[in-house]
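Visitor: Need coordinates for the following:
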Amino acid sequence: MPLDLQGDLSFTVEGPGGSTSGTVVGDGAVLRVRAEDPVAAWDGILGSVSTGPAALRTVADGLADEGLSIEVSGPAGVLALVGAGADSGVGKLLTGSRRVQLGTPTALRPLAVAQVRRSLTLSRALTVVAGLVVTVVLRRRARR
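Guide: Numbering: from 1, shown residues only. This is a model prediction of the structure:
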C-alpha cells in the first residue's frame, strides 16, 4: 500500500544568515516545502543535518524506493525535486542519483549568489576586479 502524506506544518529555521519561516504540506506522495528565504533556510538546514552528495543521494533514493518525493521551493519557484518524481542527469552528475532534480536558474539564483558571496573573500574579489581591468585595457590597446 503506497504511503499517502497529508498535513500542513509551519516552521521557522534559524541559521548564520538569519531566520526564515515556511510551510510543509503533505499532498499524496509529494511533500512540498516552501521557504520565504531559501538562503536562510538552506544555511539553517546545513548547520543541523548530515549534508553533502552522499547524504542527499541516500535521501533521494530512499524516497524514490517508497514512491515519495519532496519538492522544495522559494518565492522564485521550485528549487529542487528529490525522490520519485525526479529524473535528472545533472542530479546524477552532482549527487550520484538521478532522483535529485534542480529547479530553474531563476529559482536557484538566490542560492547561487549567496554561495558566491560566501566564497569570495576581499582579496579574491580584488583579484577578479584587477583581472577584468587588465583584460579591458589590453583589449582597448589591441583595437588601436
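Visitor: From here on, just use CA atoms for contacts and neighbour counts.
Guide: Noted.
Visitor: Can you tell me how far the closest residue to L9 other than its chain neighbours is from A55?
Guide: Take L9 and drop its neighbours on the chain: the residue closest to it by Cα to Cα, 6 or more residues apart in numbering is V24, 5.0 Å away. According to Cα to Cα, to the nearest Å, V24 stands 21 Å off from A55.
Visitor: out of the two, which sits in the more crowded spot?
Guide: V24 (18 against 12; other Cα atoms under 10 Å).
Visitor: The closest residue to L102 other than its chain neighbours and R141: what is the separation?
Guide: Once flanking residues are discounted, L102 sits nearest to A80: 4.4 Å by Cα to Cα, 6+ apart. For A80, the distance to R141 equals 46 Å [Cα to Cα].
Visitor: again, but for G62
Guide: According to Cα to Cα, G62 and R141 sit 58 Å apart.
Visitor: now do L132
Guide: According to Cα to Cα, L132 stands 14 Å off from R141.
Visitor: Tell me which of those two has more neighbours.
Guide: L132 (12 against 9).
Visitor: That one in helix, strand or coil?
Guide: Here L132 is recorded as helix under DSSP: H, G, I helix; E, B strand; the rest coil.
Visitor: what about it, distance to A112?
Guide: Counting by Cα to Cα, the separation of L132 from A112 is 21 Å.
Visitor: same thing with G18?
Guide: Distance, G18 to A112, by Cα to Cα: 17 Å.
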